[in-house]
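1. Structure for this input, please:
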Amino acid sequence: MTSKCRQNYHEECEAAINKQINMELFASYNYMALGSYFARDDVALEGLAKFFKDSSVEEREHAEKFMSYQNLRGGRVVLQPVNRPSCDEWDSALSAMEFVLKLEKEVNQALLDIHKVASTHNDAHLTKLLEDEYLEEQAESIHKIACFVTKLQRVGDGLGVHIFDKELQ
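-> Predicted coordinates for the structure are as follows:
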């Protein structure tokens, strides 16, 4: 059965949104793993645990928003298996933050790729959604995490990480 509301929504855009849903869920899954790791009693960095758990919720909300958008445009949500996080333990808070900086840049690139596909198909609605709801927020997240990386590089291990963690609480 075809959608009655579908208009100017190219199959390539629909497929890109489904791929992005999977990427957002993958990011959420990684943040969840990080939050659980930093909440462990042998790691005990509650501020980092909270930051990563909150980030997991935000990424899942992004996936849900894309699912709603897919339905709004008359597309079909096609969920794919979500890969497990590539890491269960991190050497340091710095290595974890460097990991999520790379992850956020990958998510941002995927959003830019969708924007390009939408522009190619003259899909003003999709380009507006990306510009209004995602791209600036993604740039802000990348900047925030990059600042965290710089601070963690500056403080080194030990007490500096403890103080950084307290500032996140």
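2. how far is the helix or strand containing E58 from where the chain is centred?
-> Using DSSP states H and E, E58 sits within helix 46-72. Using Cα atoms, centre = their mean, to the nearest Å, the mean C-alpha position of helix 46-72 is found 7 Å from that of the whole chain.
3. Buried ones in whichever helix or strand comes after that helix, by neighbour count?
-> Counting by DSSP H and E, the next helix or strand C-terminal to helix 46-72 is helix 93-120. For helix 93-120, burial by neighbour count (16 or more other Cβ atoms under 10 Å) applies to 93-94, 96-101, 103-104, 107-108, 110-111, 114-115, 117-118. For every residue, glycine as well, the C-beta is placed using N, CA and C.
4. and what of stretch 125-137?
-> For stretch 125-137, burial by neighbour count (16+ other Cβ under 10 Å) applies to L126, T127, L129, L130, Y134, L135.
5. averaged over its residues, what pLDDT does that stretch have?
-> For stretch 125-137, the mean pLDDT works out to 97.
6. Not counting its own residues, what contacts it?
-> Stretch 125-137 has contacts (Cβ atoms under 8 Å, 6 or more residues apart in numbering) with 8-9, 13, 17, 62, 65, 69, 73, 108, 111-112, 114-115, 118-119.
7. Of all pairs in those residues, which one is the farthest apart?
-> Using Cβ to Cβ, the pair of these lying farthest apart is N8 and N108, separated by 25.4 Å.
8. Check what pLDDT M67 gets.
-> M67 is assigned 98 on the pLDDT scale.
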